[in-house]
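**Q** Could you work out the structure for the sequence below:
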Amino acid sequence: MFRPKYPEVPTPSIVHVPTAVPAAQHSHAPACSCQHTTAPAPTRPAGVLSGLNAGTVGAVVTVGIVLTALLAAVAVTAVSVAVAAVVMRSLLASQRRR
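**A** The predicted structure is shown next:
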């Protein structure tokens with residue numbers, strides 16, 4: 001009564017997909033008899049970002065998150081100490097007036 005009843009999952013049937021037949025390639029005769037060369041492939045400059053991979057990026061992000069959390073904790077602590085100091089000063093000032 002209290003147990004959920006899960007629907008039965010049908011097993012997927014294998015569908016045969018015909019493979020594509022490559023189109024026939026046509027070769028054209030060159031328009032001239034001169035030798036054409038292709039331009040060299042552009043190379044990536046060896047900069048600062050060329051050696052980064054997923055592990056490095058993950059480590060940098062993790063360190064950034066940890067440092068941000070520590071900074072937030074310090075800021076919250078500073079605000080609470082400041083509030084406590086104002087309250088203490090107010091209490092001491094009111095006792096001096098009496």
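**Q** CA only for contacts and neighbour counts going forward, please
**A** Fine.
**Q** ok, how many other residues are close to Val63?
**A** Summarising burial for Val63: neighbours were counted as other C-alpha atoms under 10 Å, giving 12.
**Q** Now do it against Leu70, distance only.
**A** Val63 sits at a distance of 11 Å from Leu70 (criterion: C-alpha to C-alpha, to the nearest Å).
**Q** can you check Pro7 too?
**A** 48 Å.
**Q** who's more crowded, those two?
**A** Neighbours were counted for Pro7 and for Leu70 using other C-alpha under 10 Å; Leu70 has more, 12 against 6.
**Q** any idea how far that one is from Thr56?
**A** Leu70 is 21 Å from Thr56, by C-alpha to C-alpha.
**Q** go on, Ala78?
**A** In terms of C-alpha to C-alpha, Ala78 sits 33 Å off from Thr56.
**Q** Likewise for Glu8?
**A** 45 Å.
**Q** swap in Val76?
**A** When Val76 is compared with Thr56 (using C-alpha to C-alpha), they lie 30 Å apart.
**Q** now swap in Val66 and tell me
**A** Distance from Val66 to Thr56, by C-alpha to C-alpha: 15 Å.
**Q** what do you get for Leu67?
**A** From Leu67 to Thr56 the distance is 17 Å (C-alpha to C-alpha).
**Q** cool, and Thr38?
**A** Thr38 is 36 Å from Thr56, by C-alpha to C-alpha.
**Q** Which one's more surrounded, those two?
**A** A direct count of neighbours by other C-alpha under 10 Å for Thr38 and Thr56 places Thr56 higher, at 11 against 5.
**Q** So that one: helix, strand or coil?
**A** Under DSSP: H, G, I helix; E, B strand; the rest coil, Thr56 falls in the helix class.
**Q** do Pro40 as well
**A** Applying three-state DSSP: Pro40 is coil.
**Q** Could you give the number of residues near it?
**A** Using other C-alpha under 10 Å: Pro40 sits among 6 other residues.
**Q** List the residues that contact it.
**A** Listed by C-alpha atoms under 8 Å, 6 or more residues apart in numbering, the contact set of Pro40 is empty.
**Q** hey, where'd the helices end up in the chain?
**A** Assigned by DSSP state H, the chain shows helices spanning 54-97.
**Q** low-confidence ranges in it?
**A** Scanning the chain for pLDDT under 70 picks out 1, 12, 14-32, 36, 41-51, 98.
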